[in-house]
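S.K.: Okay, predicted coordinates and the sequence, questions at the end:
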Amino acid sequence: MEYETYEQSVEAYMANFIALREAPAARDMVTRRGTGDVPVETIITRAEAIADTSANMVTLAQPYLTSQDPALREGISGQLIAQATAEMQLAIELLQVADGKEDRPRAITRAARGNHLHDAISDLDTTMARPVADGLVQEQRVRAAPVLTPSLDEAKQALSQAVSTTTGAITMHVQELGGDIAWNLIMQTSWVSVVEGASLLNKDVAKTLDQLKQGAGALFKRAVTVVARTLINVYDKILALLGKDIEDQARKRAQDWLEQMKEPEKLEGVFGQLVGRLYRVDALKEEVDGVLSGTTADVDQIGSTSRDVSALADKFIALTKRMSMLASALVLAKSIKVPQVLLVIAGLQMSLLAVVVVAGHDYLGYKEPRFPNLTKGVAEVFFENLA
């Protein structure tokens, strides 16, 4: 079924995820009691319905991704990442529903593997219940209310500090999450898979996974088919935050960085240095201080800019938390020691690494390439308000 709006697709999409989470357990044929396991047919059927709906959600989300309102762009980016995480956990479950040799139905044990999927669905439910227009869920920081109106010099100093603190927080979270993804790619992945994954396109996923069907039973073939469709949708949702114009460029840069880091003695600290050179935070701070020294803006305008700049740190922290959950799901998928699966996962990790770096650059908003604009960054907020 085709939907006219993103909201309509979300309603159907979530109905199937919730039904999967609440699915009744299989019954023991002897005791007639629940086993705590979800029947294989149930999860495959729900996964097929989810894949059908998910396939068009990026297209339906385009008005939000290209909106002039930063809150809409922020909100949709968080939702797409949450969807990708839940679908990735679903793909992991599907890959384990049969051994490929027999058609006998087996069940997915929630106690053993289902907790990850259950948690991802619960987080997805919370995320999707929030209107896109509300933006990202922000960290609520406790800030002491000023007792006295600051002087102009004090307001300028506070804004300079807000820029420094926010750019520092953005850079740190990129270095931490991006560094973790890079470490896993270098230390826990064959370099052949990394190189091939860097050039793997979403259209190659089905062809790659089709190799698993050879000699397999009907149940496993059906599961692999929906896994391929699910992973294609995950790819699409990650790449939607890059955009087709720079997708290849961003992943090539990620591969180049990994090349520089792949020697163990160079791994630690190199990623941070590469991010620092790309983001040019020191140059941004220098320009900020130069503008502040000569601005004619009043105390209220400077104070408002400080609050807007500080809020960006909260938003980026919320976004990186979502991306971290997806990164963890990808690492979990590597427990499935199948070469074709590992190749696809490496490609997804490369794409996510590129998104982490691109998102950080965008949240800084300083002389970045023209990729999809996820928000109005620090530099954009500052210079639009004061320059």
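M.R.: In hand now; what should we look at? Numbers count the residues shown, from 1 in each chain.

S.K.: Which residue ranges of the chain form strands?
M.R.: Secondary structure of the chain (DSSP state E): strands at 37-39, 107-109.

S.K.: I'd like to know which of these has the weakest mean confidence.
M.R.: Note on the strands of the chain: strand 107-109 shows the lowest mean pLDDT, a mean of 43.

S.K.: Flag the helix or strand of this structure with the lowest per-element mean pLDDT.
M.R.: In the chain, no helix or strand scores lower on mean pLDDT, DSSP states H and E than strand 107-109, which sits at a mean of 43.

S.K.: Let me see the ranges of the helices in the stretch 251-387 of the chain.
M.R.: With DSSP state H, counting those that start in this stretch, the ranges of helices along the stretch 251-387 of the chain come out as 264-279, 281-294, 299-333, 339-364, 378-386.

S.K.: Please name whichever of the ones you listed is nearest to residue 10.
M.R.: helix 299-333 (16.3 Å; Cβ to Cβ). C-beta here means a position set from N, CA and C on the backbone, and glycine is covered the same way.

S.K.: Determine the set of other helices and strands touching that closest one.
M.R.: Helix 299-333 is packed against helix 70-94, helix 115-128, helix 152-187, helix 339-364, helix 378-386, with contacts defined by 3 or more Cβ pairs under 8 Å, 6 or more residues apart in numbering; DSSP states H and E.

S.K.: Pass me the low-pLDDT residue ranges in the protein, would you?
M.R.: For the chain, the stretches flagged by pLDDT under 70 are 25-37, 97-114, 137-148, 202, 215, 244-245, 247, 264-268, 368-372.

S.K.: neighbours around the residue lying closest to residue 303 once chain neighbours are set aside, how many?
M.R.: For residue 303, ignoring the flanking residues on the chain, the nearest one in space by Cβ to Cβ, 6 or more residues apart in numbering is residue 155 at 5.6 Å. Around residue 155 there are 22 other residues, counting by other Cβ atoms under 10 Å.

S.K.: Offset the numbering so it begins at 55, please.
M.R.: Noted, 55 is the first residue going forward, which turns the last one into residue 209.

S.K.: hang on, the earlier thing: out of the helices of the stretch 305-441 of the chain, which one sits most buried?
M.R.: Per residue and on average, the most neighbours among the helices of the stretch 305-441 of the chain fall to helix 393-418, with a mean of 25 (mean count of other Cβ atoms under 10 Å).

S.K.: how big is the angle separating it from helix 124-148?
M.R.: Relative orientation of helix 393-418 and helix 124-148, computed by axes from the mean of the first three to the mean of the last three Cα atoms, to 10 degrees: 170 degrees.

S.K.: got the angle for helix 393-418 vs helix 335-348?
M.R.: For helix 393-418 against helix 335-348, the angle by the same axes, to 10 degrees is 20 degrees.

S.K.: helices and strands around helix 393-418, which ones?
M.R.: Here helix 393-418 touches helix 206-241, helix 245-253, helix 257-264, helix 272-293, helix 301-315, helix 318-333, helix 353-387, helix 432-440, going by 3+ Cβ pairs under 8 Å, 6+ apart.

S.K.: Nearest to residue 190 among these would be which one?
M.R.: helix 353-387 (4.4 Å).

S.K.: how far is that closest one from where the chain is centred?
M.R.: 12 Å (Cα atoms, centre = their mean, to the nearest Å).

S.K.: Check stretch 272-281 too.
M.R.: Distance, stretch centre to chain centre, for stretch 272-281: 26 Å (Cα atoms, centre = their mean).

S.K.: cool, and stretch 266-284?
M.R.: Worked out by Cα atoms, centre = their mean, stretch 266-284 lies 26 Å from the chain centre.

S.K.: List the buried residues in it.
M.R.: By 16 or more other Cβ atoms under 10 Å, the buried positions in stretch 266-284 come out as 266-267, 270-271, 273-284.

S.K.: likewise stretch 231-238?
M.R.: Buried, per 16+ other Cβ under 10 Å, within stretch 231-238: 231-236, 238.

S.K.: picking up where we left off before, for the residue nearest to residue 357, give its distance to residue 203.
M.R.: Computed as Cβ to Cβ, to the nearest Å, the residue 209 to residue 203 distance reads 9 Å.

S.K.: Return every residue with contacts to both of these two.
M.R.: Common contacts of residue 209 and residue 203, defined by Cβ atoms under 8 Å, 6 or more residues apart in numbering, comprise residue 353.

S.K.: Same list, the helices and strands packed on helix 353-387, but as JSON lines with distance to residue 366 please.
M.R.: Output for the helices and strands packed on helix 353-387, formatted as JSON lines (distance: least, Cβ to Cβ, whole Å):
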{"stretch": "helix 124-148", "distance to residue 366": "10"}
{"stretch": "helix 169-182", "distance to residue 366": "20"}
{"stretch": "helix 206-241", "distance to residue 366": "5"}
{"stretch": "helix 393-418", "distance to residue 366": "6"}
{"stretch": "helix 432-440", "distance to residue 366": "6"}
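
S.K.: Indicate which one of those helices is closest to residue 65.
M.R.: Among the helices and strands packed on helix 353-387, if distance is taken as Cβ to Cβ, the winner is helix 169-182, at 9.3 Å.

S.K.: I appreciate the help and will end here.
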